[in-house]
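*Asks:* Following is a predicted model, sequence given first.
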Amino acid sequence: MISCSGDTPSLYTVLPEKRVDRITGSMMASTHVYDLANAPPSGVKDKRTQEGRVELALDPSELDLGDDALAARYEQKLKEEQSHLQKEDLSDMVAEHAAKQKVCLINHITFIYGLIKIIKCIF
């Protein structure tokens with residue numbers, strides 16, 4: 001994202017490194033540890049936190065479009081995303097869950113049937 005404040009964003013930050021003599025807790029752990037306490041936030045945001053945001057890709061030839069044309073492209077993209085959310089089909093997830101429940105039920109019935117056989121053999 002371009003900053004309008006006039007300062008140039010830093011492309012990278014050098015993090016201080018700590019040397020660790022002992023490797024604990026992991027089989028293939030590194031002896032290099034970086035101090036992230038003073039590191040600036042990464043600026044990468046999770047898509048789930050960006051609800052209501054519309055991403056619009058433009059070709060270089062479209063950069064000269066007027067405000068009305070850009071607004072129309074934005075509205076078109078917004079309608080596409082909203083219709084996609086409305087059309088989202090959950091039937092495959094429901095079918096998968098029902099199949100798991102069926103398998104679980106069959107396993108329980110088989111287990112109970114086995115217990116009944118054992119009890120009949122005992123008595």
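*Replies:* Yep, it's here.
*Asks:* From now on I want contacts and neighbour counts done on CA atoms only, so please keep to that.
*Replies:* OK.
*Asks:* Helices of the protein, start to end?
*Replies:* With DSSP state H as the criterion, the chain has helices at 67-86, 91-122.
*Asks:* By mean pLDDT, show me the worst of these.
*Replies:* When the helices of the chain are ranked by mean pLDDT, helix 67-86 comes last with a mean of 81.
*Asks:* Show me what that one is packed up against.
*Replies:* The contact analysis (3 or more CA pairs under 8 Å, 6 or more residues apart in numbering; DSSP states H and E) places helix 67-86 against no helix or strand.
*Asks:* can you put the helices of the chain in CSV and add distance to residue 61 and mean neighbour count?
*Replies:* Converted to CSV, the helices of the chain look like this (distance: least, CA to CA, whole Å; neighbours: other CA atoms under 10 Å):
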stretch, distance to residue 61, mean neighbour count
helix 67-86, 13, 12
helix 91-122, 41, 11
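*Asks:* Indicate which one of those is closest to residue 39.
*Replies:* Closest to residue 39 of the helices of the chain, according to CA to CA: helix 67-86, at 35.4 Å.
*Asks:* Export only the CA atoms of the closest one, formatted as PDB.
*Replies:* Extracted in PDB, the C-alpha atoms of helix 67-86 (Å, rounded to 0.1, in the frame of the first residue of the first chain):
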ATOM      1  CA  ASP A  67     -14.000   8.100 -11.800                       C
ATOM      2  CA  ASP A  68     -17.400   7.000 -13.200                       C
ATOM      3  CA  ALA A  69     -15.800   4.000 -15.000                       C
ATOM      4  CA  LEU A  70     -13.800   3.000 -11.900                       C
ATOM      5  CA  ALA A  71     -16.900   3.300  -9.700                       C
ATOM      6  CA  ALA A  72     -18.800   1.100 -12.100                       C
ATOM      7  CA  ARG A  73     -16.000  -1.600 -12.000                       C
ATOM      8  CA  TYR A  74     -16.100  -1.400  -8.200                       C
ATOM      9  CA  GLU A  75     -19.900  -1.900  -8.100                       C
ATOM     10  CA  GLN A  76     -19.600  -4.800 -10.500                       C
ATOM     11  CA  LYS A  77     -17.000  -6.500  -8.400                       C
ATOM     12  CA  LEU A  78     -18.900  -5.900  -5.200                       C
ATOM     13  CA  LYS A  79     -22.100  -7.400  -6.700                       C
ATOM     14  CA  GLU A  80     -20.000 -10.500  -7.900                       C
ATOM     15  CA  GLU A  81     -18.600 -11.000  -4.400                       C
ATOM     16  CA  GLN A  82     -22.000 -10.700  -2.700                       C
ATOM     17  CA  SER A  83     -23.600 -13.100  -5.200                       C
ATOM     18  CA  HIS A  84     -20.800 -15.600  -4.600                       C
ATOM     19  CA  LEU A  85     -21.400 -15.400  -0.900                       C
ATOM     20  CA  GLN A  86     -25.100 -16.000  -1.400                       C
END
